[in-house]
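Colleague: Okay, structure incoming, though there's no sequence with it:
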C-alpha cells in the first residue's frame, strides 16, 4: 500500500478499503470462511455430541493501544475467547469489527492484527466475518475493536448461581496486573519494574479442567471490577457468603506498591487473563494441580470458601492477617487516586 | 562510586504490617489501659488514619475504654459546596480545562459533580501528578488551564512547585484556584466546642514531614492533651495508641513523634520556604461542617495574583454560601460529635455511588471508610 496512515478512504468501500482488508486483515486472519467474502459467514457446527452454543460480544478500547504485556488486539481476542471459555465453551468462530480513527499509523494496525492472529492460534478459533469503519480525526480514540464469539459448550451448567456452600474459591494467578500496568503506562510512571498485563487466552487451562471431569460450579474471568466484582456477583447470585483469606490472595509487589502509592485496592483492579473458580473443596487440590501446569495459571491459589453464615449471605468477608474481618466491596465507579 | 541502592516500595510498609507485632501491641495496650483513670477519647485527625483503623480492623483489637473520634482531616470532605460550585463554574467556561486531584471530581456541589460536568461537555481532567498540569497547559496554548488545588500541608508544596515551574517556564495559560487548608486551626476549632470530649490526638505524619511536629505544641499547651505524630501503617497506629496510654498513665501531655523515620520537630525547611514564598494565610475560610475558621487556609501571594483564578474569574464565581442537605450529618461527624452510623441516611440514602455528603465521597472520608470496611461482626449485630 502507498499510504502509511489510515485515511477516510480506507473505510469508503472502494479499492482503497479492499486493499486494506486484503493486505492487513486477510494477511493476518486468512481462512477459507473469511475469504469467501460473502455478506455473512455460513457456519456448520460439528454434528453429534454437543449442540448447545455459547455466544458473547465485547468491545475494546484502551489507552495506550500497546502496553506492557499486550495490546488492544490481544485483548480483543483473549477477552471474547475467555468469556466463552468461562461458560465451558470451546471458542470456534469470531466476528471482528474495527472502528479506526483517521491518521492511525498503518504499522500500528498491522501490529495489532498480527497480535490478534497470534492470540487466535492459542484457542484455535477463527475470525470468519468482519467490518471496517474509518471515522474522522477526533471521532474515536485511535482504534476501537468489537469481537463477537461463538463456542461449543463442552461443560454445561456453569453459572454464578451454582456456587454452593462448601465450595473452595480458587484464583488462577496474582491479581491486578492489567489495571496496574495500564495505570502505569498511561500515567508514564517509571517504577522501573517488570510489571506486565496478565492478558492471556484461558481456554487451554479451562479445557484441561473440563477434561479432568471436575465438578466445577462456576468460572468467571475477573475483568473490570477485578476479583472483588466477581466474588460479590457470586455471593449475590448464589445467596451464599464468600469468605476470603486476605493473606492467601496472591498480589505481586509491584501491584501492591502501586496501590499503596495511589490508595487503591489490588482486588478491585482489572485483570485480562485471570479467572476465579468455584468447586467442591474436596476437589480443590486436584484443580490446583492442573492449573499449575499452564503458564497463565502457574500461581493459582485457593483463596477462600463459600459458606452460609447467618445474616451475611450475599456478601464477601475478608479475613485479615491481623485477626479482624472486613467486607470486600465492588468499586463504586471510576478508580481515582487519593489526594495525600 | 557504588550504585545507589534502589528503594523497593515494599520496604516502606512491609514490617509495619506484621500481624504478630500488631497483636503483641494490642496485648500490651490492653494491659496498660487497665490503669487509665478515664476513657481515652482519641481524635485521629486525618482521614488516612481513619482508613487504617477500618481497613485493618484495629478497633476490634483495642479495649473498651479506648474510643476514636474521627477528625476533620480529609481535604475533600471539608470543602464547602460553594467551592465545588467554583470548580464546576470554571470547568464550564469556554476554552477552559479544569485539572484537579482524585476524589474532587465525584463531590456533589449544588447542582451536580465535576464528573457530570465532564459528561456534559466540560473539559475536566483528574491528575495523578500536579506537574502534569504543565504538560496540559503547554499542549493547549489557546486554552486556559485551571488547577483546582486542594489538600492540607502535605500537598501544598507540590502546588508551590507547580506554580514556580509555570513561572520559570513562562507557561502563562495556567491559573490556580487555591483551596489549601491547615490542620492546626481546624483542630483548635474542634477543641473550642465544649461538647467535644477528645482527650488525646493521633496526628498525621505526612503533615509533620513538611511542617514539623512542633505545630501541635500550641494545642498541647492550650488543652493539655497528648499528641502523637504517627505513621499510617497498623503497627504505627497501634504504637501511637500505646504511647498515648502511657502519657495518660504518667499524667503527661506532650508532643511525641512515633513516626521518627521521617518526622522531626522542625520539618522540611526547604518545603516550608517554598510554601511561604508562594502563599499567604487567608483571614478566614469556611469549612464544610465547621463553619468559618480564622487563618485556616492559604491563598496565592499578591505577587502571583496574575495566576489566581479567584481574581481572574471574580465576576462569574458564585459567592453565596451553601449548606449541606438537612439529613446529612457530615458537620457533626467532622466535629467528632457523631459517628457515621449515627446518621440516618448513612448507607441508605447516602452511599459512595450516590453521596449526599462529602464524608461519603472521599476515599479519606469517615463515612466512606465505615461503608467500605464496616466490620461484619458489627453489621450482623
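Modeller: The structure has been received and is ready for your questions. Treat the numbers as computed from the prediction; the structure is a model and nothing was measured. Residues are numbered from 1 along each chain as shown, chains lettered A, B, ... in the order given.
Colleague: need the helices for the stretch 101-250 of chain A, in chain order.
Modeller: With DSSP state H, counting those that start in this stretch applied, the stretch 101-250 of chain A shows helices at A:106-123, A:177-186, A:203-211, A:226-237, listed in chain order.
Colleague: swap in the stretch 51-200 of chain B?
Modeller: B:81-92, B:114-119, B:132-139, B:156-168, B:183-191.
Colleague: count of residues packed around the residue nearest to residue B:181 when sequence neighbours are not counted?
Modeller: Closest residue in space to residue B:181, ignoring its immediate chain neighbours: residue B:297 at 4.7 Å, by CB to CB, 6 or more residues apart in numbering or on different chains. Backbone N, C-alpha and C define where each C-beta goes, glycine included. Residue B:297: 21 surrounding residues under other CB atoms under 10 Å in any protein chain shown.
Colleague: Residue B:297 contacts residue B:186, doesn't it?
Modeller: No - using CB atoms under 8 Å, residue B:297 is not in contact with residue B:186, being 9.5 Å away.
Colleague: Count the neighbours of residue A:212 for me.
Modeller: Residues near residue A:212, counting by other CB under 10 Å, number 13.
Colleague: sorry, that was for residue A:118
Modeller: Residue A:118 - counted by other CB under 10 Å - has 14 other residues nearby.
Colleague: show me the contacts for it.
Modeller: For residue A:118, the contacting residues are residue A:74, taking CB atoms under 8 Å, 6 or more residues apart in numbering or on different chains as the criterion.
Colleague: From residue A:108, how far off is it?
Modeller: Applying CB to CB, to the nearest Å, one obtains 16 Å for the distance of residue A:118 from residue A:108.
Colleague: cool, residue B:256 as well?
Modeller: Using CB to CB, one gets 58 Å for the distance from residue B:256 to residue A:108.
Colleague: Need the pLDDT of residue A:3.
Modeller: Listed pLDDT for residue A:3 reads 69.
Colleague: do residue B:6 as well
Modeller: Per-residue pLDDT puts residue B:6 at 61.
Colleague: And for the closest residue to chain A within the stretch 101-250 of chain B, the neighbour number?
Modeller: Proximity of the stretch 101-250 of chain B to chain A (CB to the nearest CB) peaks at residue B:154, 4.2 Å away. The local packing count at residue B:154 equals 24, with neighbours defined by other CB under 10 Å.
Colleague: same check, this time on the one 4 residues further on
Modeller: Neighbour count of residue B:158, defined by other CB under 10 Å: 18.
Colleague: repeat for residue A:36
Modeller: Each residue near residue A:36 was counted by other CB under 10 Å, and the total is 12.
Colleague: gap between it and chain B?
Modeller: In this structure, residue A:36 lies at 43 Å from chain B, with CB to the nearest CB, to the nearest Å as the measure.
Colleague: Could you check the pLDDT of residue B:159?
Modeller: Model confidence at residue B:159 (pLDDT) stands at 97.
Colleague: show me what contacts it?
Modeller: Contacts of residue B:159 by CB under 8 Å, 6+ apart are B:130, B:147, B:149, B:151, B:176, B:178, B:180, B:278.
Colleague: ok, so what distance separates the closest residue to residue B:108 other than its chain neighbours from residue B:346?
Modeller: Distances taken as CB to CB, 6+ apart put residue B:355 closest to residue B:108, at 6.5 Å, once the chain neighbours are dropped. Going from residue B:355 to residue B:346 by CB to CB gives 11 Å.
Colleague: Quick check, residue A:24 in contact with residue A:108.
Modeller: No - shown here, residue A:24 and residue A:108 do not form a contact pair, counting by CB under 8 Å, at 10.7 Å.
Colleague: Quickly note the distance from the residue in the stretch 1-150 of chain A positioned nearest to chain B to residue B:324.
Modeller: Across the stretch 1-150 of chain A, no residue is closer to chain B than residue A:63, which sits at 13.2 Å (CB to the nearest CB). As for residue A:63, its distance to residue B:324 is 37 Å (criterion: CB to CB).
Colleague: Using the record's assignment, carve chain B into domains.
Modeller: Domain assignment for chain B, taken from automatic domain parsing, gives B:37-74+B:184-257, B:81-181+B:267-312, B:330-380.
Colleague: Low-confidence ranges, the stretch 151-300 of chain A, go.
Modeller: A:188-193 (pLDDT under 70).
Colleague: Could you check which residue of it lies nearest chain B?
Modeller: Of all residues in the stretch 151-300 of chain A, the one sitting closest to chain B is residue A:257 (3.2 Å; CB to the nearest CB).
Colleague: In contact with the nearest residue to that residue once chain neighbours are set aside, which residues are there?
Modeller: Here the nearest residue to residue A:257 in space, its sequence neighbours aside, is residue B:9; by CB to CB, 6+ apart that works out to 3.2 Å. By CB under 8 Å, 6+ apart, the residues touching residue B:9 are A:191, A:253, A:256-258, A:260-261.
Colleague: Now do stretch B:240-251: distance to the chain's middle.
Modeller: Here the centre of mass of C-alpha atoms in stretch B:240-251, compared against the chain's by CA atoms, centre = their mean, to the nearest Å, lies 25 Å away.
Colleague: Which segments of chain A make up each domain?
Modeller: Annotated domains of chain A cover A:8-153, A:160-327 [automatic domain parsing].
Colleague: Give the partner strands of the longest strand seen in chain A in its sheet and their orientations.
Modeller: Ordering each strand of chain A by length in residues (DSSP state E) puts strand A:89-101 first. If you go by DSSP bridges, strand A:89-101 pairs up with strand A:126-135 (parallel), strand A:143-153 (antiparallel).
Colleague: if I read this right, the residue of the stretch 1-150 of chain A closest to chain B contacts residue A:141, doesn't it?
Modeller: Yes - taking contacts as CB under 8 Å, residue A:63 lies within contact range of residue A:141: 6.3 Å.
Colleague: got the contact list for residue A:99?
Modeller: The contact partners of residue A:99, by CB under 8 Å, 6+ apart, come to A:133, A:135, A:140, A:143-146.
Colleague: Please pick the buried ones from those.
Modeller: The neighbour-count test (16 or more other CB atoms under 10 Å in any protein chain shown) applied to the contacts of residue A:99 identifies A:140, A:143-146 as buried.
Colleague: Let me have those residues in CSV, extended by pLDDT.
Modeller: Rendered in CSV, the data for the buried ones among the contacts of residue A:99 read as follows (pLDDT from 0 to 100):
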residue, pLDDT
A:140, 95
A:143, 97
A:144, 98
A:145, 98
A:146, 98
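Colleague: Find the centremost residue of chain B, please.
Modeller: Here the mean C-alpha position of chain B is nearest to the C-alpha of residue B:74 (CA atoms, centre = their mean), at a distance of 3.0 Å.
Colleague: Give me the phi and psi angles of residue A:11.
Modeller: Backbone torsions for residue A:11, taken as degrees, to the nearest 10, come to phi -110, psi 10.
Colleague: Out of the domains of chain A, flag the one nearest residue B:265.
Modeller: Between residue B:265 and those, the shortest gap by CB to CB is with domain A:160-327, which sits at 27.2 Å.
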